[in-house]
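[1] Predicted model, plus sequence, below.
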There are 2 protein chains.
Amino acid sequence: MASRNRQESGKENLRQEIMDAARELFVAEGYASVSMRKIADKIGYSPTTIYLYFKDKSDLLHQICEQTFAHLAQNIKSIQQLSDNPLEKLRSGLREYVYFGLKHPSQYEIVFITPLPHKFESDFDETNGRVAFDTMRDVVAECVSDNLLKTKDVELISQTLWAGIHGITSILIQHEHFPFVERDKLIDNVIDTLIIGTKA
Amino acid sequence: MASRNRQESGKENLRQEIMDAARELFVAEGYASVSMRKIADKIGYSPTTIYLYFKDKSDLLHQICEQTFAHLAQNIKSIQQLSDNPLEKLRSGLREYVYFGLKHPSQYEIVFITPLPHKFESDFDETNGRVAFDTMRDVVAECVSDNLLKTKDVELISQTLWAGIHGITSILIQHEHFPFVERDKLIDNVIDTLIIGTKA
DNA sequence: CAAAATAGCTTAACACTGTTAATTTAATTT
DNA sequence: AAATTAAATTAACAGTGTTAAGCTATTTTG
């Protein structure tokens, strides 16, 4: 291995080390109450070292979100390949989204719930978040071309479905004390309602 | 400035003055980027004066939210009285919820979106936000007793509907830069989908 | 091989933040 | 007029994100 490559990988290692430490802290204590100094302490570096790898604190959060988005997109794709029925693909994708959030509540909170700093008006087209959304939209398009839905507006339906599953996921995560009905029953009902409401 | 007439402005007046200034700033610039000093400047008082009326910054926002959500509960009730048809009452209530959230994004964010590690979680049952939810549930019960819905489980339906409208409200507020379809069309479609999906 | 260049990290500092304690000023009561 | 109380302020603390400059060890070069 050339020395130039060792340098590169060394730099990338520290970059990943920072992200791991930051994600752990963000998940445990929340984005706002985790300082750059705290992150630096955790990995044994000076606070300003982080700025050699990330533009600022919100950029660091943004990069962590990208990794989680990628994880979610991967999961949804895998799950959907298990079925040939477009409507069943759609349903399993929606379910996977919700349960992914419930399985990683802190990470879902960071990526989808926590109010993002007004700073980065990032191009959503480049993010893995958009990739995950596009995966679902492709299945919606499949349903539309099979004339399974009430309208052919793929974008409208996809965004409606996303609103629905994000809604149930986030309230289950956040209002944990709320006297919800049985969790799986509620999730199923939300997804059933959404699908029935969009079917032909 | 020292010759400010303090006789006319009693303690309660200043308290409300602080809330008005803070709400204006929170809405315009976002909760996080508004400092206590900025609020104090706006009303011509010292920053620490605010602490004579509010425990801390989050308490200040919490009080603002209570006022705002008292309005929401009131609005929903008023809107629903305009119709006799239970399903139309339901629809107008759902619409009012969403548009109220979009009209007061900062307040909605802190009450229904922002993760709150404070004591606030247990206060939820006492908030006007909860009152608003109960108002909607009453209308759902009305629909159920008229045999208009697919199931008689009032709690299940109410929570499903809440998940849906919270979902669309929060993503519209938070993911401001997502390429949404036309906003009103999307909101209508979400509500239509929810109602169709729960109708008999 | 020594000198120059560079990559990687740190130290010091700035302009902020929320918040508390002590203190001053103004109004009210005695 | 003096004492008391209420209201608002000043000063300070401990913390924040972030930038600029400096240091050190390694790599590149003449």
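    Sure thing, it's come through. This is a predicted model, so every value here is computed, not measured.

[2] how about the helix or strand encompassing residue A:157: buried residues?
    Assigned by DSSP states H and E, residue A:157 belongs to helix A:154-174. For helix A:154-174, the neighbour count (16 or more other CB atoms under 10 Å in any protein chain shown) marks A:154, A:156-174 as buried. For glycine as for every other residue, the C-beta is placed from the backbone atoms N, C-alpha and C.

[3] Counting by contacts, list what it packs against.
    If contacts are counted by 3 or more CB pairs under 8 Å, 6 or more residues apart in numbering or on different chains; DSSP states H and E, helix A:154-174 sits against helix A:86-103, helix A:105-108, helix A:128-145, helix A:183-198, helix B:154-174, helix B:183-198.

[4] among these, which is nearest residue B:67?
    The minimum distance between residue B:67 and the helices and strands packed on helix A:154-174 falls on helix B:154-174, with 19.0 Å, by CB to CB.

[5] wouldn't residue A:200 be in contact with residue A:144 here?
    No. At 9.9 Å, residue A:200 and residue A:144 do not qualify as touching, with contact defined as CB atoms under 8 Å.

[6] The two: who's more crowded?
    Taking other CB atoms under 10 Å in any protein chain shown, residue A:200 and residue A:144 do not tie; residue A:144 has more neighbours (20 against 10).

[7] how distant is stretch A:19-38 from the center of its chain?
    Centroid displacement of stretch A:19-38 relative to its chain, using CA atoms, centre = their mean, to the nearest Å, is 18 Å.

[8] as a whole number, average confidence for it?
    What stretch A:19-38 shows for mean pLDDT is 92.

[9] Stretch A:86-97 now?
    What stretch A:86-97 shows for mean pLDDT is 95.

[10] now check it, is it near chain B?
    No. Interface with chain B: stretch A:86-97 contributes nothing (CB under 8 Å from any CB of the partner chain), its closest point being 11.6 Å away.

[11] got the buried residues for that stretch?
    Of the residues in stretch A:86-97, those with enough neighbours to count as buried (16+ other CB under 10 Å) are A:86, A:87, A:89, A:90, A:91, A:92, A:93, A:94, A:95, A:96, A:97.

[12] So which of the helices and strands packed on helix A:154-174 is nearest residue A:46?
    The closest of the helices and strands packed on helix A:154-174 to residue A:46 is helix A:105-108. By CB to CB, the value is 27.1 Å.

[13] For that closest one, output the C-alpha coordinates as PDB.
    C-alpha atoms of helix A:105-108 as PDB (Å, rounded to 0.1, in the frame of the first residue of the first chain):
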ATOM      1  CA  PRO A 105     -35.700   6.000  18.000                       C
ATOM      2  CA  SER A 106     -32.800   8.300  18.900                       C
ATOM      3  CA  GLN A 107     -31.400   8.200  15.400                       C
ATOM      4  CA  TYR A 108     -34.800   8.700  13.900                       C
END
